[in-house]
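Participant: Would you be able to build a 3D model of this:
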Amino acid sequence: MEIGLLALLGLVLAEGLSLLSGYISGQKSFPKPLKRSEEKIYLERMEKGDPQAREELIAHNLRLVAHVVKKFDCTEIDDEDLISIGTIGLIKGIDTFDPSKGVRLATYAAKCIENEILMALRKQKGPRETSLEDPIGTDQEGNEISLMDILDNDDEPVVDSVNREILREHMIRSLDVLTSRERMVIEMRFGLNGQRKRTQREIAGMLDISRSYVSRIQKRSVGKLSEAMKAYASESGVTL
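Facilitator: Okay, the predicted model is just below:
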């Protein structure tokens, strides 16, 4: 799945969870991590099918996305896209977590976030290998390691709870719910259909509208796409 579409999917999934939209946009501070006793209660509630408990678990672990993203600031994917992609990983982590394995939820979720970002980066290894050679930390023996060292690891990623191809196909079809202008903004903003990804300022100049108006169009469009994806999930039984 191309980076732009994956980033858009992350925003759409986050929009579908009302607790997340403010944190992603920076308008709210992240909730504090849950205590073990609180986490256990929410996990038990989620196991019984409580969607609110699932949202709370995701929201209280969202700071993990911001933390993991900092490890990848040497890449050519901007932070906004990394956060969107990492959010998909977090949601997968919450949905596939098994308390009986004896691992903390935060540890498991952080690995899922990292794997989601690494999978996205693998899609662009070829022409961008040079930038991936920058050091990002050290291993347990104190040796310097680069992102490429991690990318070359052939370990299987944490199991996906979301079928990427199915979601990709439906996301593309869902673009039909947008007006022609909304679709134009989304395609330029996220670099879809072979276009170059553009900033809101660039789009504003091209369409002769204000940057704030572009932002409103993007937010409205993401909301429409989120509703379309939720309707699809309800009909197909897919967990978003």
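
Participant: Please name the residues that touch the closest residue to residue 33 other than its chain neighbours.
Facilitator: Counting by C-beta to C-beta, 6 or more residues apart in numbering, residue 33 lies nearest to residue 60, which is 6.1 Å off, once chain neighbours are set aside. C-beta: built from backbone N, CA, C; applies to glycine. Counting by C-beta atoms under 8 Å, 6 or more residues apart in numbering, residue 60 makes contact with 31-34, 39.

Participant: Buried among the residues you listed? Need that as a selection in ChimeraX.
Facilitator: If you want just the buried ones from those in ChimeraX, going by 16 or more other C-beta atoms under 10 Å, the selection is:
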select :34,39
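
Participant: Show me where this structure has its strands.
Facilitator: All strands of the chain, identified by DSSP state E, fall at 135-138, 144-146.

Participant: Select from those strands the stretch with the lowest mean pLDDT.
Facilitator: The stretch with the lowest mean pLDDT among those is strand 135-138, at a mean of 48.

Participant: Going by neighbour count, which residues of the longest helix seen in the chain are buried?
Facilitator: With secondary structure taken from DSSP state H, the chain has its longest helix at helix 211-236. Neighbour counts over helix 211-236 (16+ other C-beta under 10 Å) mark 214-215, 217-218, 221-222, 224-226, 228-229, 232-233 as buried.

Participant: One more: stretch 65-74?
Facilitator: For stretch 65-74, the neighbour count (16+ other C-beta under 10 Å) marks 65-66, 68-69, 71-72 as buried.

Participant: How is this protein partitioned into domains?
Facilitator: 1-159, 163-240 (automatic domain parsing).

Participant: weakest of these in terms of mean pLDDT?
Facilitator: Lowest mean pLDDT of the domains of the chain: domain 1-159, a mean of 74.

Participant: how much space is there between the nearest residue to residue 186 once chain neighbours are set aside and residue 182?
Facilitator: In space, and not counting its chain neighbours, residue 186 is closest to residue 221: 5.1 Å by C-beta to C-beta, 6+ apart. Applying C-beta to C-beta, to the nearest Å, the value for residue 221 to residue 182 is 4 Å.

Participant: Then residue 203?
Facilitator: 12 Å.

Participant: same check, this time on residue 46
Facilitator: 34 Å.

Participant: Also residue 57?
Facilitator: The gap separating residue 57 from residue 182 is 32 Å, by C-beta to C-beta.
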